[in-house]
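Novice: Okay, structure incoming, though there's no sequence with it:
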């Protein structure tokens, strides 16, 4: 609303832009601090419009579940069962009633699956028709929207791509199609499922970066070049700085890695202690650290070793890749130095200091060779903001590096800077860039100190391209090696996976959980507690549905492998769409409207092995791809991460129930008994939904005894007030 740049680690900005659109249509001006969960909204916050999108997508997911089961070839009864299960699942309701994006993600996941099924079914009768193109294109759009809402959407996208690839492989083997026709089919699929999602993914970020063009607190973790491209903040400071660093330039050097916090190369009058706490000695030279705040002691002067002057010549003489320079601390005029003395907290690395001449046998070693990492040629000029450089010590070949360790009180809790041997390999913490820059004009120290305190303004401007900003938003916190690997593989998928699996810097959250806790519903999340009553909202699932869905998954897998083994013996329990192996001819019985398979069991006409496999690939596969990857993630996880996987499990549940009824119940009596059991089971699910309803909607205040009665598991953190 205020056009301030923000960054959310959960995914691309599309979902947040949709929520912001709802707020905009509701007249929200953005004047509310979202800094405390459960805080009461002010009168200017249009809660209904901000919650409208999650509520609508949650509601539309119910008929889509119905349509998906129909497109898979199952009965209206099974499709209605899937829709009703979605309707009474407490966790899905809770998530869709608040300003959260999981319901939006689930909507686009289901839309992608439904669109592809519609496309696949129209493929058999009307290829290249208007509806064929519509459903194919909508599949690609829905996949890109799912990924655009949260990076988790890529799991469903990859599932759709896998199913489409199998279908395309069978299409290539279809001898009834000409080579030109097959090529057209493949090109259409590639355009809709690869090109369109990529273009839309780029479009989300393009619109996002156009809308949020102002500097804010989140841009502090971005590169200097990115910050300088935003209005205000660093852009205000660096506007018009000279582009080329020259001998005599006054610069601040920011570490590119930015962990644990963004910081600048810094020095001050204090020296390293003679003896550290562990008994090791130091050089007692002036401390050099990395300081996470703007400060006059962050300024350094780039000096030519062959000359004494600390001002820029006219015309300026630029510093190039491979040049040997000295760095002079602006406020103390001491030279950046390193030597064969162990660093205070990293004894395997060298201490970095500003040289103090104590008239002892420790000569200064203050020559540094400039290595421009992102250079385009070996004569590249050192550029402000744009150039990423390493400073290699000439005498010892050590590289100036941020270790990330916090110094003790004698170092004012600032970050340790060390000299790391090149033989230990490359790391982004060795890379620095010039953020603030001016041409030095004063040779006298007092005049230079005044100069360092004053802002610099010159008439040179530069803009960071959209692609440069886009790529920086994707691999945030990734190393250069990861980026190089991403360019050789599939860049977007690789970078999204790294964003998903990146370890969170935050400490363990009270409501965090492991993937094993989700299946058994051993965890909950308290979303809201009324400030005066015991009314509260919790993310809690319908335990009957969760347990039944997990059981259905196990049953499907066992049946699938059982049928697969029997098919290897040429026994087809489920018929193909055409005659297969030793299947006896099917006989349509007019009385029942059903046919019988080899075992003599009645089956629904059109129900086939391929449909059974496709249902498993999309429903069981959808659960697997949306659940199993979390076991490989180091980030903080919560119960709501399981909801997309749960949705696919719910779709599988009616599939298994219909299969048991049609194929495993061998008589009308058994089918009637099984139907009665299903009705009783669904009644239990409805009862659980109604029992947990006060914690789902938060519209009823319960007594302490009623709340204790709802704590069915000790791990459920239901809040009980102590009066």
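Specialist: It's in. This structure is a prediction, so every number in the text was calculated from the model and none was measured.

Novice: just the helices in the stretch 351-500 of the chain please.
Specialist: Along the stretch 351-500 of the chain, counting by DSSP state H, counting those that start in this stretch, helices occupy 445-453, 466-473, 480-488, 491-501.

Novice: Same check on the stretch 601-723 of the chain?
Specialist: For the stretch 601-723 of the chain, the helices defined by DSSP H, counting those that start in this stretch cover 609-615, 621-627, 643-659, 668-691, 693-697, 704-710.

Novice: Any idea which of the helices of the stretch 351-500 of the chain has the lowest pLDDT on average?
Specialist: Among the helices of the stretch 351-500 of the chain, helix 480-488 carries the lowest mean pLDDT, at a mean of 40.

Novice: What's the mean pLDDT across the strand or helix carrying residue 190?
Specialist: In this structure, residue 190 is located in helix 179-190 according to DSSP states H and E. On average, the pLDDT along helix 179-190 is 94.

Novice: Tell me which other helices or strands that helix touches.
Specialist: Contacts defined by 3 or more C-beta pairs under 8 Å, 6 or more residues apart in numbering; DSSP states H and E place helix 179-190 against helix 130-149, helix 153-172. Heads up, the C-betas are built off the backbone N, CA and C, glycines and all.

Novice: would you turn the ones you listed into a markdown table with mean neighbour count, distance to residue 671 and mean pLDDT?
Specialist: What follows is the helices and strands packed on helix 179-190, written out as a markdown table (neighbours: other C-beta atoms under 10 Å; distance: least, C-beta to C-beta, whole Å; pLDDT from 0 to 100):
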| stretch | mean neighbour count | distance to residue 671 | mean pLDDT |
| --- | --- | --- | --- |
| helix 130-149 | 22 | 35 | 95 |
| helix 153-172 | 18 | 31 | 94 |
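
Novice: Identify whichever of those helices lies nearest to residue 518.
Specialist: Set against residue 518 and scored by C-beta to C-beta, the helices and strands packed on helix 179-190 come closest in helix 153-172, at 15.0 Å.

Novice: Which secondary structure elements does that closest one sit against?
Specialist: Using 3+ C-beta pairs under 8 Å, 6+ apart as the contact test, the elements touching helix 153-172 are helix 102-123, helix 130-149, helix 179-190, helix 491-501, helix 621-627.

Novice: Repeat the analysis, applying 6 Å as the threshold.
Specialist: With contacts taken as 3 or more C-beta pairs under 6 Å, 6 or more residues apart in numbering; DSSP states H and E, helix 153-172 sits against helix 102-123, helix 130-149, helix 179-190, helix 621-627.

Novice: What confidence value was assigned to the closest residue to residue 698 other than its chain neighbours?
Specialist: Closest residue in space to residue 698, ignoring its immediate chain neighbours: residue 537 at 3.9 Å, by C-beta to C-beta, 6 or more residues apart in numbering. Looking at residue 537, its pLDDT reads 91.

Novice: again, but for residue 324
Specialist: Here, the pLDDT recorded for residue 324 equals 92.

Novice: can you pull up the bridge partners for it?
Specialist: When bridges are called by DSSP bridges, residue 324 pairs up with residue 369.

Novice: For it, grab the count of nearby residues.
Specialist: Neighbour count for residue 324, taken as other C-beta atoms under 10 Å: 14.

Novice: Test my guess that it contacts residue 369.
Specialist: Yes: with contact defined as C-beta atoms under 6 Å, residue 324 reaches residue 369; the gap is 5.3 Å.

Novice: quick one: low-confidence parts of the stretch 1-150 of the chain?
Specialist: Where the stretch 1-150 of the chain drops to pLDDT under 70, the residues are 1-10, 32-39.

Novice: let's see 80
Specialist: The stretch 1-150 of the chain contains residues with pLDDT under 80 at 1-11, 29-44, 124-125.

Novice: buried residues in stretch 180-189?
Specialist: Across stretch 180-189, burial judged by 16 or more other C-beta atoms under 10 Å covers 185, 188-189.

Novice: now stretch 366-376
Specialist: For stretch 366-376, a neighbour-count test (16+ other C-beta under 10 Å) marks 366-373, 375 as buried.

Novice: Return the closest of the residues you listed with respect to residue 160.
Specialist: Checking the buried residues of stretch 366-376 against residue 160 by C-beta to C-beta gives residue 373 as the nearest, at 38.8 Å.

Novice: quick revisit: the helices and strands packed on helix 179-190 into CSV, with extra columns for distance to residue 279?
Specialist: Compiled in CSV, the helices and strands packed on helix 179-190 are given as follows (distance: least, C-beta to C-beta, whole Å):
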stretch, distance to residue 279
helix 130-149, 55
helix 153-172, 52
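
Novice: To residue 694, which of those lies closest?
Specialist: When these are compared by C-beta to C-beta, helix 130-149 sits nearest residue 694, at 29.7 Å.

Novice: Need phi/psi at residue 526.
Specialist: For residue 526, the backbone dihedrals (degrees, to the nearest 10) come out as phi -80, psi 110.

Novice: Over to the one 4 residues further on?
Specialist: Recorded main-chain torsions at residue 530 are phi -60, psi 140, according to degrees, to the nearest 10.

Novice: What pLDDT does the model give it?
Specialist: pLDDT recorded at residue 530 is 84.

Novice: State the distance from it to residue 47.
Specialist: Taking C-beta to C-beta, to the nearest Å as the measure, residue 530 and residue 47 are separated by 15 Å.

Novice: Residue 695 now?
Specialist: 20 Å.

Novice: neighbour-wise, which of these two wins?
Specialist: residue 695 (25 against 13).

Novice: which non-adjacent residue is nearest that one?
Specialist: Excluding the flanking residues, the one nearest residue 695 by C-beta to C-beta, 6+ apart is residue 538, at 4.4 Å.

Novice: I'd assumed that neighbour was in a strand, is it?
Specialist: Yes: the assignment for residue 538 by DSSP: H, G, I helix; E, B strand; the rest coil puts it in a strand.

Novice: burial count for it?
Specialist: Using other C-beta under 10 Å, residue 538 has 24 other residues around it.

Novice: That one is in contact with residue 694, isn't it?
Specialist: No: Residue 538 is not in contact with residue 694 according to C-beta under 6 Å; the separation is 9.5 Å.

Novice: So for the two, which residues contact both of them?
Specialist: The overlap between the contact sets of residue 538 and residue 694 (C-beta atoms under 6 Å, 6 or more residues apart in numbering) is empty.

Novice: Any figure for the gap between the nearest residue to residue 696 once chain neighbours are set aside and residue 55?
Specialist: Using C-beta to C-beta, 6+ apart and skipping the chain neighbours, the partner closest in space to residue 696 is residue 90 (4.6 Å). Counting by C-beta to C-beta, the gap from residue 90 to residue 55 is 15 Å.

Novice: ok, which stretches of the stretch 201-350 of the chain are strands?
Specialist: 249-255, 264-271, 286-291, 299-303, 324-329, 336-342, 350-354 (DSSP state E, counting those that start in this stretch).

Novice: of these, which approaches residue 465 most closely?
Specialist: With respect to residue 465, and counting by C-beta to C-beta, the nearest of the strands of the stretch 201-350 of the chain is strand 249-255 at 20.3 Å.

Novice: and the closest one, what's its mean pLDDT?
Specialist: Average pLDDT, strand 249-255: 90.

Novice: what does that strand contact?
Specialist: Contacts with strand 249-255, where a contact means C-beta under 6 Å, 6+ apart, come from 224, 263-265, 290, 298-302, 402, 432-438, 440.

Novice: Ok, stretch 609-626 next?
Specialist: Contacts with stretch 609-626, where a contact means C-beta under 6 Å, 6+ apart, come from 72-73, 113, 155, 159, 163, 556, 560, 574, 576-577, 644-645, 648-649, 651-652, 655.

Novice: Tell me the buried residues within those residues.
Specialist: Among those, those buried by neighbour count (16+ other C-beta under 10 Å) are 72-73, 113, 155, 159, 163, 556, 574, 644-645, 648-649, 651-652, 655.
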